[in-house]
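Engineer: A predicted structure for the sequence below; I have some questions about it.
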Amino acid sequence: MEIAVSYLKSNDSKKKTISKIEKTSADYIHVDLMDGVFVPSKNFDILEVVNLLKDVKKPLDIHLMVIDPLIYLPYLASLNVNSVFISLEASNVLEGLKKIRNLGFKAGLAIKPDTSLDSLLPYYGSFDVLLIMSVNPGMGGQEFLSSSIDKLKQAFLLKSKYGFLVFVDGGINSSTVNLVRPYVDGVVSGSFVCMSFDYEASVKRLRYCN
């Protein structure tokens, strides 16, 4: 199981938090970008994000919680990106997924807790990674929604048929990780790691605890 760490909520500055994540054994740094329209909060200027992340060595997973992802995708081309997630509930979804692949990144599709997996039908074959949100997007430190487990079980049954990976994001800690572990290829964890005193110890607890 792979681990991505989000710096959305931390005791330190973004720059220091990213530096500390880089020193861990986490597989990816997860970047949550919110435009203040798709979700209530806005937390980025795209040029500042590029400047912040331009020298990051650990692969980046970027989650665009924005109305129109096409606006921001060209700015990401110079970064060390593994995958870019766009929300199924956003606009220009198919065009966005195609553009992400054209940039050489894995195309990720994210779905909110109240979105049914039936909504994925038009998109099979167009995305590489499904990100199931187990909290309502827009704020770090929320509690895991147990209703997400049934959705993860459904996605687990579909992934081999349609050829995608499954990640989960929201409220992932050393307890909830064991609820999702059987059904996912990876997890995104934020405050559990970045609000702790020892990032690496927290990453190891996610990866190995039973």
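Structural biologist: Yep, that arrived.

Engineer: okay, now Ser119: neighbour count?
Structural biologist: Neighbourhood size, Ser119 [other C-beta atoms under 10 Å]: 13. For glycine as for every other residue, the C-beta is placed from the backbone atoms N, C-alpha and C.

Engineer: pretty sure it contacts Lys112?
Structural biologist: No: using C-beta atoms under 8 Å, Ser119 is not in contact with Lys112, being 10.0 Å away.

Engineer: overlap in contacts of the two?
Structural biologist: Residues touching both Ser119 and Lys112 by C-beta atoms under 8 Å, 6 or more residues apart in numbering: Leu88.

Engineer: what kind of secondary structure is Pro40 in?
Structural biologist: coil (DSSP: H, G, I helix; E, B strand; the rest coil).

Engineer: show me what contacts Val203?
Structural biologist: Ile3, Val5, Thr24, Ser25, Ala26, Val193.

Engineer: repeat that with 6 Å
Structural biologist: Ile3, Thr24, Ser25, Ala26 (C-beta atoms under 6 Å, 6 or more residues apart in numbering).

Engineer: what about the helix of greatest length in the chain, distance to the chain center?
Structural biologist: Criterion DSSP state H: the longest helix present in the chain is helix 148-162. Taking C-alpha atoms, centre = their mean, to the nearest Å, one finds helix 148-162 lying 17 Å from the centre of the chain it belongs to.
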